[in-house]
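Trainee: no FASTA, just this:
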C-alpha cells in the first residue's frame, strides 16, 4: 500500500510543470527497484520529465553505484539507417520506452516484458529517431501476442508503416561460435544514454542509438539465450533498450560495418543484475523460437518473414 501511495503522489504532484525534481526522481527510482522484475524501467510522470529527473538522481549516486558514466554510449542513428533496418521505438502513455523491429506490415518484434511494464501498456510505435519529437511518425498499438517460453512478443499496430521503412531480416537458422571466439554485432536501442562521443549531447532517453557489440561463444545449435558484451567497459545496453535488436555485423573498415540479419532481442541488461554498461547482456536467440514466431505472425495476419 505504501508503494501505491508513493506512486500516486508522484503522479499527481511531482511533475506539476512537466519537470521532475531530483528528490521525486529518487523516490520513484526506489519504488521502481522495489517492484522491478525485468531490465526494462518504467515511469509515472509524463514522457521526458521522469527521464530528466532520473538523470539527476543517478548523478547523485543513488541508482548506479560508482561512476554514472557507465551507460550506453554509441552513436546516433540516421533516419535512413532506421528505415533500412526496420527499427521501431515503443512507448507507453506514461513515457515508458522499449525498442523493437518491424518484421512485416503492421507487426513489431520486441521483448515480452515490454508489454507488461509497470509504466503501463504500450501505446504506440514510432518510426523516428526521437520517440518524443513533435514530428515523430507514430502508429497506435492494437494487439499483442507473447511467447510463454521466452521473453518475446509480437505487436500489431494500426495502419501502415511509412513507405521508406523496411522489414528487418531475421536470422532464424542456427549460429556456431566456438568457445573463446566472438561474432561482431551491432545493437540498437531507444534507452537511456550518457554519451560523450561525436554527436552526443549528454543524457537522453527515447533517442535511437547504436553500439558495436560482440556475441560470445560458445554457441552451438539453438540455445535459448545469447550472451553479448560491449567492446568498451564504459558502454553497454541500458533501460529502454529492452526488446532492441542485435544484428550480425561484418566490419569493413574502422568505424564502418555491413549490417546483416537480426539474431536476437534484448531481454536482460547487465546479465540480470540491474546495472547498465560494461557488462554481459542477454538476448533471446530468435533461432530457438522459429515455430512460435511463425505461429504468432500467422495469428496476427502477417505474411512471410524475411529470413536467413
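Mentor: On my side now, so go ahead. Quick caveat: nothing in here was measured; it's all calculated off a predicted structure. Numbers count the residues shown, from 1 in each chain.

Trainee: alpha carbons only for contacts and neighbour counts from here, please
Mentor: Will do.

Trainee: is it true that residue 88 touches residue 101?
Mentor: Yes: with contacts counted by Cα atoms under 8 Å, residue 88 reaches residue 101, the gap being 5.2 Å.

Trainee: Show me which of the two is the more surrounded one.
Mentor: Between residue 88 and residue 101, counted using other Cα atoms under 10 Å, residue 88 has the larger neighbour count: 31 against 28.

Trainee: That one - that's part of a strand, no?
Mentor: Yes: counting by DSSP: H, G, I helix; E, B strand; the rest coil, residue 88 is found in a strand.

Trainee: what sits opposite it in the beta ladder?
Mentor: For residue 88, the beta-bridge partners are residue 100 (DSSP bridges).

Trainee: how close does it get to residue 79?
Mentor: From residue 88 across to residue 79, the span is 11 Å (Cα to Cα, to the nearest Å).

Trainee: what do the two both touch?
Mentor: Listed as contacting both residue 88 and residue 79 by Cα atoms under 8 Å, 6 or more residues apart in numbering are residue 128.

Trainee: mind showing which ranges of this structure have poor pLDDT?
Mentor: Applying pLDDT under 70 to the chain picks out residues 1-73, 193-204, 233-234, 270-278.

Trainee: what's the single longest strand in it?
Mentor: strand 256-268 (DSSP state E).

Trainee: Adjacent strands (with direction) for the helix or strand just after it?
Mentor: On the C-terminal side of strand 256-268, the closest following helix or strand by DSSP states H and E is strand 281-285. Take DSSP bridges as the rule and strand 281-285 pairs in its sheet with strand 225-230 (antiparallel), strand 256-268 (antiparallel).

Trainee: how about a markdown table for those strands, with distance to residue 246 and mean neighbour count added?
Mentor: Listed next are those as a markdown table, based on distance: least, Cα to Cα, whole Å; neighbours: other Cα atoms under 10 Å:
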| stretch | distance to residue 246 | mean neighbour count |
| --- | --- | --- |
| strand 225-230 | 9 | 24 |
| strand 256-268 | 5 | 23 |
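
Trainee: of all the ones you listed, which lies closest to residue 169?
Mentor: Nearest to residue 169, of all the strands paired with strand 281-285, is strand 256-268, at 4.9 Å by Cα to Cα.
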